[in-house]
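K.L.:
got a structure for you, letters missing:
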């Protein structure tokens with residue numbers, strides 16, 4: 001399957017979530033609001049971090065065949081859905097997941113397709129240019145209706161493509177000065193402010209220079 005109906009009128013809404021362990025990045029995906037309960041969402045979720053999101057149950061599949069069939073049926077509708085794939089964590093399986101998802105792109109679909117990538121560093125091969133289907137989702141996928149949500153503990157362990165193509169950036173507590181410095185450079189948030197973040201506190205960077213705000217996740 002190949003994506004259809006390229007639509008250059010669609011905005012890039014890719015989002016990067018970066019925080020150290022316990023910093024709230026997965027909680028941010030679930031609760032921050034970039035994903036709504038009515039959205040169509042697929043998850044690369046090898047560690048089963050998502051059971052619900054925005055009070056909607058996540059349907060989990062443990063084979064590519066079952067995942068593909070569920071996504072094909074769900075994407076044929078205009079209703080929201082939440083579908084996760086949980087298979088052994090490897091670069092090969094990750095790129096296969098992205099290739100499967102890529103085939104359901106449609107720039108004229110009533111719903112954009114959100115793609116959540118958990119623990120991105122574990123399936124990153126190079127911190128340089130991202131290649132393969134994941135790189136395609138980041139660089140071309142926007143016009144086929146994709147919105148990619150990339151989740152990582154350390155920004156210095158992911159590709160420059162994932163960072164540059166994610167025009168929205170959620171930055172939680174950083175345990176490495178190198179990570180904090182990189183996110184300061186990417187978001188315009190002063191380095192000292194990022195270094196002083198506590199767990200569940202964050203800065204959220206929107207497009208355009210200096211456009212960021214501070215907040216705290218609540219349950």
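P.N.:
Received, thanks. Just so it is clear, the model here is predicted, and its values are computed rather than measured.

K.L.:
just how off-centre is the host helix or strand of residue 148 within its chain?
P.N.:
When secondary structure is defined by DSSP states H and E, residue 148 falls within strand 146-152. Offset of strand 146-152 from its chain centre (Cα atoms, centre = their mean, to the nearest Å): 1 Å.

K.L.:
swap in stretch 35-51?
P.N.:
On Cα atoms, centre = their mean, the centre of stretch 35-51 falls 10 Å from the chain's centre.

K.L.:
so which bits of it are buried?
P.N.:
By neighbour count on 16 or more other Cβ atoms under 10 Å, the buried set for stretch 35-51 is 35, 39-46, 49-50. Yep, even glycine has a C-beta here, placed from its N, CA and C like the rest.

K.L.:
repeat for stretch 173-180
P.N.:
Using 16+ other Cβ under 10 Å as the test for burial, stretch 173-180 gives 173-174, 179-180.

K.L.:
what about that stretch, start to end distance?
P.N.:
End-to-end span of stretch 173-180 (Cα to Cα, to the nearest Å): 8 Å.

K.L.:
tell me which stretches of this structure form helices.
P.N.:
Using DSSP state H, the helices of the chain run over 25-31, 64-75, 91-102, 132-139, 160-165, 177-187, 191-195.

K.L.:
who does the shortest one touch, helix- and strand-wise?
P.N.:
Right, helix 191-195. For helix 191-195, the packing partners by 3 or more Cβ pairs under 8 Å, 6 or more residues apart in numbering; DSSP states H and E come out as helix 177-187.

K.L.:
so what does the helix it packs on touch, helix or strand wise?
P.N.:
strand 168-171, helix 191-195, strand 201-205.

K.L.:
one step back: export the helices of the chain to JSON lines and tack on distance to residue 3?
P.N.:
Converted to JSON lines, the helices of the chain look like this (distance: least, Cβ to Cβ, whole Å):
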{"stretch": "helix 25-31", "distance to residue 3": "24"}
{"stretch": "helix 64-75", "distance to residue 3": "11"}
{"stretch": "helix 91-102", "distance to residue 3": "6"}
{"stretch": "helix 132-139", "distance to residue 3": "9"}
{"stretch": "helix 160-165", "distance to residue 3": "17"}
{"stretch": "helix 177-187", "distance to residue 3": "28"}
{"stretch": "helix 191-195", "distance to residue 3": "36"}
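
K.L.:
so of the helices and strands packed on helix 177-187, which one's packed in deepest?
P.N.:
strand 168-171 (a mean of 24; mean count of other Cβ atoms under 10 Å).

K.L.:
who are the contact partners of the spatially most central residue of the chain?
P.N.:
The C-alpha lying nearest the average C-alpha coordinate of the chain belongs to residue 149 (Cα atoms, centre = their mean; 1.3 Å). The neighbours of residue 149, taking Cβ atoms under 8 Å, 6 or more residues apart in numbering as the test, are 14-15, 17, 29, 34-35, 114-117.

K.L.:
what about those residues, which one has the most neighbours?
P.N.:
In terms of neighbours by other Cβ atoms under 10 Å, the contacts of residue 149 top out with residue 17 at 30 neighbours.

K.L.:
just to check, it is in contact with residue 29?
P.N.:
Yes. Here residue 17 reaches residue 29: they are 6.0 Å apart, a contact under Cβ atoms under 8 Å.

K.L.:
residues that sit against both of these two, list them.
P.N.:
Applying Cβ under 8 Å, 6+ apart, one finds that residue 17 and residue 29 are jointly contacted by 149, 151.

K.L.:
could you check how far residue 203 is from residue 177?
P.N.:
From residue 203 across to residue 177, the span is 16 Å (Cβ to Cβ, to the nearest Å).
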